[in-house]
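S.K.: I would like the atomic coordinates for the input below:
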Amino acid sequence: MTKTALNSPSPWSANLMAQNLIEHLLRLKGRHIIAIAGAPGSGKSTLSEYLAIALNQRSPGSAAIVPMDGFHFDDAVLHARGMHARKGAPFTFDVGGMAALFRRLKENTEDEIAVPVFDRSLEISRAGGRLIANTTPLLLVEGNYLLLNQPPWTLLRPFFGLGVFLSVPVAELERRLVQRWIDHGLDPAAARKRANDNDLENAKLIAGHSAPADFTLTE
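M.R.: Predicted coordinates for the structure are as follows:
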C-alpha cells in the first residue's frame, strides 16, 4: 500500500485502517461529508488534520476540515441556563445550526461557504472563521456526537456520506483528558475531577449510543 509522506510524524501514518480510509476517500466521486466521531480525547482533530494533509498531498485541493466545536453555545448562554459545568455535553451545541450548514455544504450551490471555528484561546466561536470552496469534494467534519443515535443529533445523519469512529480505551481517555486540563492550567486534582465529572460521562454516552460507523479506527 502507498504510504503518505507528511511533513511531520503522525500516529496515523503507520495505521493500516487509516491508510485504507485514505484510499477509499480518494476513490469517491463528487462532494461527500465525512463524519469523524469519537469521545473527547480520542484524537479526532489529530486524525482529521492527518487525513486532510494526506488527501491534499495525493490530490491537491481535495479535502477541508469542518470542526463541530464552532457550534458550541456561548458561555453566556451556558451560564444563564446553569449548564456551564457541562460544557461539551450533547445539549450544549447548536445542532440545528449544524444541520443547516451541512445542508448548504451538501447542496454545494454557492461559490464558498463560511463556517464557524471555535477559538480555544478565547473560549468563543468565531463566525466565518473558515471558508469552504465549492471545488473541495471531501469535507472532514469532526466532533464527538456526529454519530450519536439520539435526537436531535440523528438529524445530521442524512448529510454524511461516510462515518468514521475512533475507539480508545477509557483508561487512556482518562489519562489524556486529565493531562489536557493540566495543560490548561488546572492542578492534577481539579483536572481529574473535571475529566471524570464531564468528559468521561460524555465518553460513556458516545461509546454506548453511537450508530455503527463505516470505519472504526484505533491507534
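
S.K.: residue 25 contacts residue 56, doesn't it?
M.R.: No. Residue 25 is beyond contact range of residue 56, at 11.3 Å (criterion: C-beta atoms under 8 Å). Quick note: C-beta positions are derived from backbone N, CA and C, even for glycine.

S.K.: which one's more surrounded, these two?
M.R.: Using other C-beta atoms under 10 Å, the more surrounded residue of residue 25 and residue 56 is residue 25, with 24 against 15.

S.K.: and for residue 25 and residue 56, which residues touch both?
M.R.: Common neighbours of residue 25 and residue 56, counting by C-beta atoms under 8 Å, 6 or more residues apart in numbering, are residue 63.

S.K.: could you grab the helix/strand/coil label for the residue lying farthest from the centre of the chain?
M.R.: In terms of distance from the mean C-alpha position of the chain, residue 189 ranks first, at 27.5 Å (C-alpha atoms, centre = their mean). Using DSSP: H, G, I helix; E, B strand; the rest coil, the secondary structure recorded for residue 189 is helix.

S.K.: and for stretch 88-102, what's in contact with it?
M.R.: Counting by C-beta under 8 Å, 6+ apart, 33, 40, 66, 68, 71-73, 78, 83, 86, 113, 115, 141, 144-145, 148, 150, 152-153, 155-156, 159, 198-199, 201-202, 205 sit against stretch 88-102.

S.K.: ignore the last one, stretch 108-124
M.R.: 31, 66-67, 69-72, 74-75, 101, 104-105, 125-134.

S.K.: what subset of those is buried?
M.R.: 31, 66-67, 69-72, 101, 104-105, 125, 132 (16 or more other C-beta atoms under 10 Å).

S.K.: neighbouring strands for the strand ranked longest in the chain, and are they parallel or not?
M.R.: Looking across the chain with DSSP state E, the single longest strand is strand 124-133. Take DSSP bridges as the rule and strand 124-133 pairs in its sheet with strand 112-119 (antiparallel).

S.K.: contacting residues for the spatially most central residue of the chain?
M.R.: Among the residues of the chain, the smallest C-alpha distance to the mean C-alpha position (C-alpha atoms, centre = their mean) belongs to residue 142, namely 1.8 Å. By C-beta under 8 Å, 6+ apart, residue 142 lies in contact with 36-37, 44-45, 47-48, 65-68.

S.K.: got any ranges where this structure has weak pLDDT?
M.R.: 1-9 (pLDDT under 70).
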